[in-house]
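Undergrad: Everything below, folded, please.
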Amino acid sequence: MKVRLDFCDFHPGFSKTNNFFYNLLRERFDVEICDNPDFLIFSDPGQHIHRVHNCVKIYFCVENFAPDFREYDYSFTCRQTDDPRNLRLPYYVLSGPPDLLQKDGENPAQILAAKTKFCCFLVRYANRKTSVRNDFFRKLCQYKKVDSAGGALNNTGYQVPPGPGPKLEFLRPYKFNIAFENTSIPDYTTEKIVDAMRARALPIYWGNPRIAAEFNPKSFLNYFDFPGEDALIDKIIELDQDDAKYLEYLRQPYFHNNQPNEFFSRERLLNQFEEIFTTRITPVSRRRYWNQIGRWIPVKKNRPAQT
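TA: Presented below is the predicted three-dimensional model:
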């Protein structure tokens with residue numbers, strides 16, 4: 001099946017022919033990238049380029065926003081909904097293949113022996129909305145310095161370059177990583193906990209209250225499993241001072257039964273795309289075209305309305 005596709009409103013330097021979705025879709029479809037597509041995948045609504053298109057729009061959401069089908073036809077978001085137009089796709093799935101999280105034949109004692117540093121913290125911003133993770137970082141620093149090497153609350157004089165490679169290299173020497181989301185919303189799980197797992201740094205997690213359904217709760221420290229911050233910090237101190245107890249966590253598989261969770265299934269994603277590509281609809285942007293006045297109307301692509 002041939003699919004005329006385009007991408008827009010992604011990050012600077014985004015490649016239309018070498019990205020998660022393009023590489024995934026080529027496994028089943030004959031994908032043609034073109035300026036007048038039948039289907040558009042876009043990510044950041046604030047960039048607005050998607051507004052020039054009247055084709056079927058597919059929104060991929062990195063943040064915790066709920067789907068809004070007044071603006072697009074389908075979505076891949078962190079949210080679990082009953083609407084078949086939306087499929088849950090946690091952002092961590094795009095971080096890399098699940099085999100990097102599966103534990104087969106590892107030597108936990110050898111991994112621990114290579115851990116030369118206590119704990120690290122990487123965040124791009126810190127404000128009133130992120131007070132939970134900001135305050136926890138400061139409180140844990142009262143026990144031992146937590147190395148912060150992100151754009152905010154930096155106390156190392158070094159900032160980890162963007163990209164998963166440099167982050168992974170930075171995380172590897174640490175026993176612990178504060179992997180707090182910027183907000184706590186059910187099903188909102190980003191790459192933070194997964195990056196720590198890939199580096200075999202014990203994640204200290206706060207965010208999605210349903211995180212234990214996705215990952216083995218015995219393989220990380222979940223903020224919600226403790227009666228308060230002090231109890232969680234006491235546990236961190238206990239593990240830091242007792243290698244045998246730390247190794248109990250390190251031996252645990254990250255996935256339940258060491259098998260990737262359903263969100264890593266490429267078949268699941270491809271089936272959703274096949275449903276999108278084979279279902280005839282009048283795109284939202286065309287349904288809105290005749291009764292809406294705006295500055296994007298004169299530059300719309302595929303302007304004739306279809307019914």
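Undergrad: Helix or strand: which one has the closest residue to F21 other than its chain neighbours?
TA: Take F21 and drop its neighbours on the chain: the residue closest to it by CB to CB, 6 or more residues apart in numbering is I41, 5.7 Å away. In this view, the C-beta of every residue, glycine as well, is placed from N, C-alpha and C. Per DSSP states H and E, I41 falls inside strand 39-42.
Undergrad: Partner strands of that strand, with direction?
TA: Strand 39-42 has its sheet partners listed here by DSSP bridges as strand 2-8 (parallel), strand 56-60 (parallel).
Undergrad: residues making contact with the first one?
TA: The contact list for strand 2-8 (CB atoms under 8 Å, 6 or more residues apart in numbering) reads 14, 16, 19, 21-22, 25, 29-42, 47, 49-50, 53, 277.
Undergrad: So which of those residues are in strands?
TA: 30-33, 39-42 (DSSP state E).
Undergrad: Buried ones only from the residues you listed, please, as a PyMOL command.
TA: Buried members of the ones in strands among the contacts of strand 2-8, defined by 16 or more other CB atoms under 10 Å, are picked up in PyMOL with:
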select buried, resi 31+39+40+41+42
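Undergrad: How about the secondary structure of K145?
TA: With DSSP: H, G, I helix; E, B strand; the rest coil as the basis, K145 sits in coil.
Undergrad: Neighbours of it, how many?
TA: Using other CB atoms under 10 Å, K145 is surrounded by 13 other residues.
Undergrad: Now do the contacts for it.
TA: Shown in contact with K145 (CB under 8 Å, 6+ apart): 118, 155.
Undergrad: Starting from L232, give me the distance back to it.
TA: The spacing between K145 and L232, counted by CB to CB, to the nearest Å, is 18 Å.
Undergrad: do the same with P12
TA: Separation of P12 from L232 (CB to CB): 37 Å.
Undergrad: Looking at those two, which is more packed in?
TA: Neighbour count, other CB under 10 Å: between P12 and L232, L232 has more, with 21 against 4.
Undergrad: Might one say that C78 is in contact with T189?
TA: Yes: look at C78 against T189 with CB atoms under 8 Å: they come within range, at 6.7 Å.
Undergrad: any common contacting residues for those two?
TA: Joint contacts of C78 and T189 (CB under 8 Å, 6+ apart) are 90-91.
Undergrad: Domain boundaries for this protein, per the record?
TA: When the chain is parsed with automatic domain parsing, its domains come out as 2-92+263-299, 102-258.
Undergrad: Could you tell me the least trusted of these?
TA: Of all the domains of the chain, domain 2-92+263-299 carries the lowest average pLDDT, namely a mean of 90.
Undergrad: Centre of the chain to that one, how far?
TA: Distance of domain 2-92+263-299 from its chain centroid, counting by CA atoms, centre = their mean, to the nearest Å, is 17 Å.
Undergrad: Strands of the stretch 151-300 of the chain, start to end?
TA: Assigned by DSSP state E, counting those that start in this stretch, the stretch 151-300 of the chain shows strands spanning 174-180, 202-206, 221-222.
Undergrad: ok, the closest residue to Y125 other than its chain neighbours to I233 distance?
TA: On the basis of CB to CB, 6+ apart, the spatially nearest residue to Y125 that is not a chain neighbour turns out to be A152, at 5.0 Å. As defined by CB to CB, A152 lies at a distance of 21 Å from I233.
Undergrad: just F215 next, same as before
TA: From F215 to I233 the distance is 22 Å (CB to CB).
Undergrad: What are the buried residues along stretch 118-131?
TA: By neighbour count with 16+ other CB under 10 Å, stretch 118-131 contains the buried residues 118-123, 126, 130.
Undergrad: which one of those residues is nearest A244?
TA: F118 (17.8 Å; CB to CB).
Undergrad: Could you list the alpha-carbon positions for stretch 267-279 in CSV?
TA: The C-alpha trace of stretch 267-279 is given here as CSV (Å, rounded to 0.1, in the frame of the first residue of the first chain):
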residue,chain,number,x,y,z
GLU,A,267,2.6,-4.6,15.4
ARG,A,268,0.2,-2.7,17.6
LEU,A,269,1.4,0.7,16.2
LEU,A,270,1.3,-0.5,12.6
ASN,A,271,-2.2,-1.9,13.0
GLN,A,272,-3.4,1.5,14.2
PHE,A,273,-1.7,3.2,11.2
GLU,A,274,-3.3,0.7,8.8
GLU,A,275,-6.7,1.6,10.3
ILE,A,276,-6.0,5.3,9.7
PHE,A,277,-4.7,4.8,6.2
THR,A,278,-7.6,2.6,5.1
THR,A,279,-10.5,4.5,6.7
